[in-house]
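In: Model the following, please.
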Amino acid sequence: MRKTALLILLFCMLCMPDLIAQSYIRTASFLFSFPEGVELLEEDCGDNQEMLQCMENELIPVRSKIQAGAYHLLIVAHVSAFNYANTQVINKASRHASYIHAYILSKLAIPEESMAFYIDRSGDYRDKVHVYLVRSPLPAYANMAICYSEEDSPEVVKKEITRYGGVPYVNLYRNGESNGYRKDVYVINDPLFDRSEVDDYRLAIPIQRTKAPVKSETPPRTVPEVPAKQQPVKQQPVKQQPVIQQPEEKQPKEKISRQEIQAVPRISLSTNLLYWALLSPNLTFDCYFGNAFSFHLEGVYADWQTRSSHPKTWSVWEVSPEFRYWLWGKGIWFYRALPGGIWSLGGFRFYVQ
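Out: Just a heads-up that it's a prediction; the model follows:
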């Protein structure tokens, strides 16, 4: 019996730190945005004005507990998961956090010794800053320094970042939701401390759900208006004036003038797809000159033979020049080949061996 009691006591002593470490702390969170290209904390950016008001309403009633050391604030600047080691990225995140840090110091009179700062490299909430009201004392290993430079010079930035000794990184992990709280875990990766010397931040953040306004089933009562007595108005007949229909003007048909042919390309090349379907490559050349004359030259050539025991040969060629005169302004158009203006030379041969 005594051995059993000792084993139970030993088990509780070994597991009690884990049980305590696994507990979540009820926390209030406030998220602030920084637009691209703007370094200052602007109230009109996103929900910053609403977040500032909510943070003041939440922190002012518990300011005495924060000053007494019962509570503390956690400031987390979020950066990208790909370039978190870049000194410019670290400097930008630290600078954003410093603006909120200064606002809390000046506006809310919360001591600097009650605020911890870390840089989240998980990639969530990129280029934003979280402020958490943690209802627990500030840990002894917490980082309270915010090192940054207002200048963008690489040498100056690197010098300021080295003041950290080791960049205070954290990784954000989300453990779902339960009982109306969102469970977020910040795993501390501060190179100045061993992992066995620090405890992770396990935060239980209340989920704010917006409720839709409830519509009343009974419509509001309205007092009907009593119309005033109106004297009857005698309506006088309106004389309708006869509508005179004007005859429609016949628009003259558009005529094509000979001057418009100047807009047509002077030289053109074309081909006949029907000849190509018969495996006869062809090319047509047209040249326009004057206002009503053109020269047309067409050439066709084919010479091929099938591969079989009885080969078939298809051979044809043609050269056809034409001189054309165009009639314009008659509502129709056609061309006519003048006598003596057509020359056609060609040959055709088809045989089966």
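
In: which residue ranges form the helices in the protein?
Out: 2-21, 48-59, 63-68, 87-107, 154-161, 273-277 (DSSP state H).

In: Any stretches of the stretch 201-350 of the chain with poor pLDDT?
Out: The stretch 201-350 of the chain contains residues with pLDDT under 70 at 209-265, 328-350.

In: For the top strand by length along the chain, list every residue counted as buried.
Out: Secondary structure of the chain per DSSP state E: the longest strand is strand 312-326. Using 16 or more other CB atoms under 10 Å as the burial criterion, the residues of strand 312-326 that qualify are 314, 316, 318, 321-324, 326. In short, each C-beta sits where N, CA and C put it, glycine included.

In: circling back: which one, of the helices of the chain, ends up nearest to Asn171?
Out: helix 87-107 (14.5 Å; CB to CB).

In: Output the closest one in CSV with nothing but the alpha carbons.
Out: What follows is helix 87-107 as a C-alpha-only set of coordinates in CSV (Å, rounded to 0.1, in the frame of the first residue of the first chain):
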residue,chain,number,x,y,z
THR,A,87,18.5,42.5,-41.3
GLN,A,88,16.2,44.9,-43.2
VAL,A,89,13.2,42.7,-42.4
ILE,A,90,14.2,42.5,-38.7
ASN,A,91,14.7,46.2,-38.5
LYS,A,92,11.4,47.0,-40.1
ALA,A,93,9.5,44.6,-37.7
SER,A,94,11.3,46.0,-34.7
ARG,A,95,10.5,49.6,-35.8
HIS,A,96,6.8,48.8,-36.2
ALA,A,97,6.8,47.3,-32.7
SER,A,98,8.6,50.3,-31.3
TYR,A,99,5.8,52.6,-32.5
ILE,A,100,3.2,50.6,-30.6
HIS,A,101,5.5,50.3,-27.6
ALA,A,102,5.9,54.1,-27.5
TYR,A,103,2.1,54.5,-27.8
ILE,A,104,1.5,52.3,-24.8
LEU,A,105,4.1,54.0,-22.7
SER,A,106,2.9,57.5,-23.4
LYS,A,107,-0.9,57.1,-23.7
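
In: Which strands or helices does it pack on?
Out: Judged by 3 or more CB pairs under 8 Å, 6 or more residues apart in numbering; DSSP states H and E, helix 87-107 is in contact with helix 48-59, strand 72-78, strand 115-120, strand 128-134, helix 154-161.

In: Try it again at 6 Å.
Out: strand 72-78, strand 128-134, helix 154-161 (3 or more CB pairs under 6 Å, 6 or more residues apart in numbering; DSSP states H and E).

In: got a list of what Val62 touches?
Out: Taking CB atoms under 6 Å, 6 or more residues apart in numbering, we find Val62 in contact with Tyr71.

In: thinking again about what came up before, neighbouring strands of the longest strand of the chain in the sheet, and parallel or not?
Out: strand 293-305 (antiparallel), strand 335-342 (antiparallel), strand 345-352 (antiparallel) (DSSP bridges).

In: on that earlier part again, farthest pair within the buried residues of strand 312-326?
Out: Trp314 and Trp326 (35.7 Å).

In: Look at Ala292 and say how many residues are nearby.
Out: Around Ala292 sit 14 other residues, with neighbours defined as other CB atoms under 10 Å.

In: Apologies, that question was intended for His101.
Out: A total of 21 residues lie near His101 under the criterion other CB under 10 Å.

In: could the helices and strands packed on helix 87-107 go into CSV alongside mean pLDDT and distance to Ser196?
Out: Shown next, in CSV, are the helices and strands packed on helix 87-107 (pLDDT from 0 to 100; distance: least, CB to CB, whole Å):
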stretch, mean pLDDT, distance to Ser196
strand 72-78, 94, 21
strand 128-134, 93, 22
helix 154-161, 91, 26
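
In: Indicate which one of these is closest to Phe30.
Out: strand 128-134 (4.5 Å).

In: That closest one packs against which elements?
Out: strand 25-33, strand 72-78, helix 87-107.

In: Output the helices and strands packed on helix 87-107 as CSV; include the columns mean neighbour count.
Out: As requested, those are exported to CSV (neighbours: other CB atoms under 10 Å):
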stretch, mean neighbour count
strand 72-78, 23
strand 128-134, 22
helix 154-161, 15
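
In: Can you say which of those is nearest to Ile66?
Out: Using CB to CB, those put strand 72-78 closest to Ile66, at 6.6 Å.

In: got the contact list for that closest one?
Out: Contacts for strand 72-78 (CB under 6 Å, 6+ apart): 93, 96-97, 114-120, 125-126, 128-132, 134, 138.

In: make it 7 Å
Out: Strand 72-78 has contacts (CB atoms under 7 Å, 6 or more residues apart in numbering) with 66, 93-94, 96-97, 100-101, 104, 110, 114-120, 124-134, 137-138, 170, 186, 201.

In: Likewise for stretch 103-115?
Out: By CB under 7 Å, 6+ apart, stretch 103-115 touches 41, 56, 59-60, 63, 66-67, 72-73, 75, 101, 138, 144.
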